[in-house]
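Chemist: give the three-dimensional model of this entry:
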Amino acid sequence: MEQLFIDLLTASSFVTTDWHAAHLFFVPLRCTAYRKSVKELSEGVALAQDMARSMMDEVKKANPALWNTTLGRDHFYICAHDMGARVMRDVPEWRNMVALVNTASTEAGSYFIPHKDVSLPNHPGRGSVSWDNVGRGSPGFKERKQLAFFAGNTHRWA
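Modeler: A predicted model of the protein is given here:
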């Protein structure tokens, strides 16, 4: 999903090389690539965090005024592995960045912040769940009688 996102973003009309014209700044952290290069999840998290520190040092060094103005609130990264937003947890100012993750848990101890982070779908696989079939439903979709399923609490707003 990370590479797909990067490919789609760079091919879009939303990218500029003029930082004065930009509204958001993408930090190309590749969590899944780092995670898959080692055996254990904890090693993958540590490697991704090391890479994030290096990237953030470069971002801050390249344009300190830009970073210091918002402390990262206008920067975003994608981490489409289940280690998600915890990669950036150890440095408080990194938590200001918008995380695009597919681990959007809001339970105690989670690192997903609902008012700013974005939940992504998992990467499509092959066959009936391939990218070409996203949004078309799974096998047996047309035979289903229900449109949606909801599990959770409902709240009434005053």
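Chemist: surely residue 61 is in a strand?
Modeler: No. Residue 61: not assigned to a strand; according to DSSP: H, G, I helix; E, B strand; the rest coil it is helix.
Chemist: what sits against it?
Modeler: Residue 61 sits next to no residue when contact means Cβ atoms under 8 Å, 6 or more residues apart in numbering. The C-beta positions use only the backbone N, C-alpha and C, and glycine is treated the same way.
Chemist: quick one: it from residue 55, how far?
Modeler: 11 Å (Cβ to Cβ, to the nearest Å).
Chemist: with residue 72 instead?
Modeler: 12 Å.
Chemist: neighbour-wise, which of these two wins?
Modeler: The neighbour comparison of residue 72 against residue 55 (other Cβ atoms under 10 Å) goes to residue 72, with 24 against 15.
Chemist: which residues are in contact with each of residue 61 and residue 55?
Modeler: Taking Cβ under 8 Å, 6+ apart as the criterion, residue 61 and residue 55 do not both touch any residue.
Chemist: got any ranges where this structure has weak pLDDT?
Modeler: Regions of the chain meeting the criterion pLDDT under 70 cover residues 81-82, 84-85, 90-93, 106-110, 122-158.
Chemist: and the strands in it, which stretches?
Modeler: 25-26, 75-79, 98-101, 118-119 (DSSP state E).
Chemist: pipe the ones you listed into TSV and attach mean neighbour count and distance to residue 8 per row.
Modeler: Shown next, in TSV, are these (neighbours: other Cβ atoms under 10 Å; distance: least, Cβ to Cβ, whole Å):
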stretch	mean neighbour count	distance to residue 8
strand 25-26	18	12
strand 75-79	23	11
strand 98-101	23	12
strand 118-119	14	14
